[in-house]
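>>> Fold the following, please.
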Amino acid sequence: MRIGELARRAGTSTRTLRYYESRGLLTARRTGNGYRDYDEDDLRLLRQIRTLQDFGFELEETRPFVDCLRAGHPAGDSCPASLAVYRRKLAELDGLIGQLADVRDQVARQLSAAEEAAGDAVPRCEMTG
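Predicted coordinates:
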């Protein structure tokens, strides 16, 4: 299939596909007239990349998954390097969740203190004009 069809089927743009190609994540074969040519395996690679990016993975973090698929494995996450990326991402997410929980606790304390200081009276804001 040509680049336009691959982009459409993958739900992305031809510009993105060219970028992936420049980064070595996608390899185009060329037809006799110079057109890029792709197959279903390329579509599978793109779907793997897009899924990982939807999960918050950086583009470079998808490389082990792409390499795993290119090596003939049935899934991009069936290789040790892919599992290592999963572990790093999970640790990163756990850290972010911890940071968010801390911020939430701080905001909750601020709200509680503000409500206590205000008592039961609800401040009135009047528009002046």
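
>>> Next up, the contacts around the most centrally placed residue in the chain.
Centre of the chain computed as the mean C-alpha position; nearest residue by CA atoms, centre = their mean is Gln53, 2.1 Å away. Counting by CB atoms under 8 Å, 6 or more residues apart in numbering, Gln53 touches Leu59, Thr62. Where you see a C-beta, it was placed from the backbone N, CA and C, and this is true even at glycine.

>>> what does Tyr38 give?
Met1, Arg2, Ile3, Leu6, Leu26, Ala28, Arg29.

>>> So for the first one, what's the pLDDT?
To tie it back to what came earlier, the one meant is Met1. With respect to pLDDT, Met1 scores 91.

>>> Contacts only, for it.
Arg9, Asp37, Tyr38, Asp39.

>>> measure it to Phe65 for me?
Shown here: Met1 relative to Phe65, a distance of 22 Å by CB to CB, to the nearest Å.

>>> now do the third one
Note on Ile3: its distance to Phe65, by CB to CB, is 22 Å.

>>> cool, and the fifth one?
As defined by CB to CB, Leu26 lies at a distance of 13 Å from Phe65.

>>> Between these two, which is the more surrounded one?
Shown here are Leu26 and Phe65; by other CB atoms under 10 Å, Phe65 has more neighbours (26 against 22).

>>> related to what we said a few turns ago, save the contacts of Met1 as TSV, and put in secondary structure and distance to Ala117 too.
Formatted as TSV, the contacts of Met1 follow (DSSP: H, G, I helix; E, B strand; the rest coil; distance: CB to CB, whole Å):
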residue	secondary structure	distance to Ala117
Arg9	helix	59
Asp37	strand	69
Tyr38	coil	63
Asp39	coil	66
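
>>> If you rank these by neighbours, which is first?
Tyr38 (22 neighbours).

>>> tally of neighbours for the nearest residue to Leu46 once chain neighbours are set aside?
Distances taken as CB to CB, 6 or more residues apart in numbering put Ala10 closest to Leu46, at 4.1 Å, once the chain neighbours are dropped. By other CB under 10 Å, 21 other residues sit near Ala10.

>>> quick one: Ala10 and Thr51 touch, right?
No - using CB atoms under 8 Å, Ala10 makes no contact with Thr51, being 11.0 Å away.
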